[in-house]
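Colleague: Output the structure for:
(chains A and B)
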Amino acid sequence: MAAHSAVFSVSKILTSFRGGHLGNTAKVFGTTVTSQRNKAVLTPPPAKYGGRHTVTLIPGDGIGPELLGHVREVFRFSCVPVDFEVVNVNSALETEVDINNAITAIRRNGVALKGNIETKHTMPPSVKSRNNVLRTSLDLYANVMHCQSLPGVQTRHKNIDIMIIRENTEGEYSSLEHESVSGVVESLKIITRNNSLRIADYAFRLAREKGRRRVTAVHKANIMKLGDGLFLQCCREVASGYPDITFDSMIVDNTTMQLVSKPQQFDVMVMPNLYGNVVSNVCAGLVGGPGLVPGANYGRDYAVFETATRNTGKSIADRNIANPTAMLLASCMMLDHLKLFDYASSIRNAVLTTMNETRLHTADIGGQGTTSEVVQSVMRIIQSKGQLTAEL
Amino acid sequence: MTTRSLCRVLKPVFGERLFRVGPASEFKTRVSTLAYGATTCHQRNKSTYTNIPPPALYGGRHTVTLIPGDGIGPELAHHVCDLFRFCCVPVDFEVVHVDSAMTSEDDINNAIMAIRRNGVALKGNLETNHNLPPSYKSRNNLLRTTLDLYANVMHCQSFPGVRTRHKNIDIMIIRENTEGEYSSLEHENVPGVVECLKIITRAKSLRIADYAFRTAREKGRRRVTAVHKANIMKLGDGLFLECCKEVASGYPEIAFDSMIVDNTTMQLVSRPQQFDVMVMPNLYGNVVSNVCAGLVGGPGLVPGANYGEDYAVFETGTRNTGKSIANRNIANPTAMLLASCLLLDHLKLRAYASMIRRAILTTVTETRLHTADLGGQGSTSEVVQTVMKAVQSTGPLTLSI
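Modeller: Okay, here's the model as predicted:
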């Protein structure tokens, strides 16, 4: 909330200085200047000592600990120069000490890999979702999910290649609710100009970097005229600065219907928080399920990697049947972020080869392999490519 | 606003007993008291009514309001009229045009008054132009909230003749239709920061949950799933979930479970056969119903119904305007025709309803007659002609084609 009010007051000042009409870059720059003014220090240096990176690891609940254990195994085996600083977060406690420790660790290291932390419905409403607290405190404003059809996985739709960019900090997830009159609950959905411009700019920049042609904004502006109307307007403003990329918009209900009938029409999609949740889960379901797609949360200074659909998987925990692909691919994205591209591509190729060529599938995609079999296969493939590895 | 102040008024009147969970029978009266309380509230605010108006049935003929709407609405409504006239259905349509381009609310108020008079309506979707100022409310939304059409029911079933990726889908979606994210309450206190209010009330959540379980019981369904996002919106969706659980305790023969909306959509695209009846607030209902419509074959196939205490309005399930295919004779009339069958069921003209429905299903199974949205090359009029021929061949009294 403090950050919100700081942004409000500074945006008011900025608007009055430069008049009502600001360019996009000026606004985005304005945001950067604002955040820097509020941070006591500048961007911290990377946690890289003696050529080895330190990355925060948050095991989480459910299948998180076992899958992250496998990630560490693969990293140790491939001699990846990454050390993990493990921070456990107990979701059963009501205090915020654990999650604050995790946030401090991520601030120190800059990068994290996490499993999902469970939010129990039985706890009082004052206990906020730990994942949400982490995302908003670190201002990880962009959630990026790349859904691609994998050749080895049998799905009903083929040739899907959608990049979903979802606003990660505001919207319906602001956790601001109150019950003024008993029996009537008001939940606030916040949409701000700054955050909408920021996420739209991120989306277009990413589309340009990856050579994508089209960005689709998903909204419900016919009903939420001010809120989603503002979001749509910000996307249009940013789009005008990227003439090489086509921009169109689609209402969320039509989007979901098109996704289940003809998903190949979508290229890059940008949207507020809740629609992003729904759309990313639909896309994950289309390409083969929650066990296959990795997700990344990017902020200005920090990056946190996890599975895209953020499932805890309590029912399949500790049974050696979870699909490690999503977590392994997330760790590859992390290596890409740390600029360890060679290691990233070798592990990614090994994972994809296991998926597509050897067809070693776990139960969620219709196979009978176990988690450890898949991981062993990945490690064997890495070894067979001839790189330096530890003993199997 | 009214609900809030009236809740405050009602609470001391009906006492704290309303809010305690007890034995099933006592609970049912409590829920019906709450629902009745809601009805009395609304009727108290309606200046003209003291009790439910009589049905618009004169000389054996019903009068039904028809709102053509925009896009493909007018042509499909016209086909419905033709079909009804052909089958000698004792229904007369009172057509009320609503011009969505005008900013005054006279048109929609006329339509609402006509529906109050007749009790039943068939409508096409009214376009909400984004370019108009935000003070211009969505006409469809205005209609639903003014008439308190609290339940939107959509029955998604796989059609045997339509080729889809998933088979054997049979899902009933019951969506709260008047509150939630669609309250149209937004403000911009600080420039650049917009707050949208999502309202969830206990009374309405209990009402929709009760409707869902009653419908499930009537149709012999086994399971009701509540769709929510209570891990993030703890108070709002938490209240909705709690209300569903309370109502579920009064229907022990029906299994009740809940699922978070993101998991629901993912399950829907991988294994939709696991769902039976689903109940949810407004926005999730929008998304989930569109996903299900996409799964069974598209927006041209599924009819939808909006039920309130006193009124019922029937339309296509996914409420598409279809501007790009308007007046080109390529729209799929199935959804609107099936919606008119739901209308006939509501008017208790069941024989006509089943006759027309059977004819439509026969037509849909004939793949050479599929319209463009189902991958065929038939035109709207061909489909309607075939339906009429199918009705004639089964033998009842019809006009000549």
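
Colleague: which outside residues touch stretch B:342-361?
Modeller: By CB atoms under 8 Å, 6 or more residues apart in numbering or on different chains, the residues outside stretch B:342-361 that reach it are B:62, B:64, B:83, B:87, B:89-91, B:120, B:122, B:159-160, B:303, B:305, B:312, B:314, B:334, B:337-338, B:340-341, B:387-388, B:390-391, B:394, B:396. Any C-beta I mention is one placed from the backbone N, CA and C, and that applies to glycine too.

Colleague: what about dumping the CA coordinates of that stretch to PDB?
Modeller: What follows is stretch B:342-361, C-alpha atoms only, in PDB (Å, rounded to 0.1, in the frame of the first residue of the first chain):
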ATOM      1  CA  LEU B 342     -36.700 -23.400 -23.800                       C
ATOM      2  CA  LEU B 343     -39.100 -20.600 -23.900                       C
ATOM      3  CA  LEU B 344     -41.900 -23.000 -24.900                       C
ATOM      4  CA  ASP B 345     -41.000 -25.300 -22.100                       C
ATOM      5  CA  HIS B 346     -41.200 -22.400 -19.700                       C
ATOM      6  CA  LEU B 347     -44.700 -21.500 -21.000                       C
ATOM      7  CA  LYS B 348     -45.600 -25.200 -20.500                       C
ATOM      8  CA  LEU B 349     -46.200 -25.800 -24.200                       C
ATOM      9  CA  ARG B 350     -44.100 -28.900 -23.900                       C
ATOM     10  CA  ALA B 351     -45.500 -30.800 -26.900                       C
ATOM     11  CA  TYR B 352     -44.500 -27.900 -29.300                       C
ATOM     12  CA  ALA B 353     -41.200 -27.600 -27.600                       C
ATOM     13  CA  SER B 354     -40.200 -31.300 -28.000                       C
ATOM     14  CA  MET B 355     -41.500 -31.400 -31.500                       C
ATOM     15  CA  ILE B 356     -39.300 -28.400 -32.600                       C
ATOM     16  CA  ARG B 357     -36.400 -29.700 -30.600                       C
ATOM     17  CA  ARG B 358     -36.500 -33.100 -32.200                       C
ATOM     18  CA  ALA B 359     -36.600 -31.500 -35.600                       C
ATOM     19  CA  ILE B 360     -33.600 -29.300 -34.800                       C
ATOM     20  CA  LEU B 361     -31.600 -32.200 -33.500                       C
END
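
Colleague: Tell me which residues of it come out buried.
Modeller: For stretch B:342-361, burial by neighbour count (16 or more other CB atoms under 10 Å in any protein chain shown) applies to B:342-347, B:349, B:352-353, B:355-357, B:359-361.

Colleague: go on, stretch A:293-301?
Modeller: Across stretch A:293-301, burial judged by 16+ other CB under 10 Å covers A:293, A:294, A:295, A:296, A:297, A:298, A:299, A:300, A:301.

Colleague: per-residue confidence averaged over stretch A:72-92?
Modeller: What stretch A:72-92 shows for mean pLDDT is 93.

Colleague: burial of the one residue in the stretch 51-200 of chain B that gets nearest to chain A, as a residue count?
Modeller: The nearest approach of the stretch 51-200 of chain B to chain A comes at residue B:192, 3.5 Å away (CB to the nearest CB). Neighbour count for residue B:192, taken as other CB atoms under 10 Å in any protein chain shown: 21.

Colleague: Tell me the one among the buried residues of stretch A:293-301 nearest to residue A:157.
Modeller: Checking the buried residues of stretch A:293-301 against residue A:157 with CB to CB, the nearest one is residue A:293 at 14.2 Å.

Colleague: The closest one against residue A:327, yeah?
Modeller: No. Judged on CB atoms under 8 Å, residue A:293 makes no contact with residue A:327 at a distance of 10.7 Å.

Colleague: Which neighbours do those two have in common?
Modeller: By CB under 8 Å, 6+ apart, the residues touching both residue A:293 and residue A:327 are residue A:307.

Colleague: Phi and psi next, for the closest residue to residue B:73 other than its chain neighbours.
Modeller: Counting by CB to CB, 6 or more residues apart in numbering or on different chains, residue B:73 lies nearest to residue B:124, which is 2.0 Å off, once chain neighbours are set aside. For residue B:124, the backbone dihedrals (degrees, to the nearest 10) come out as phi -90, psi 170.
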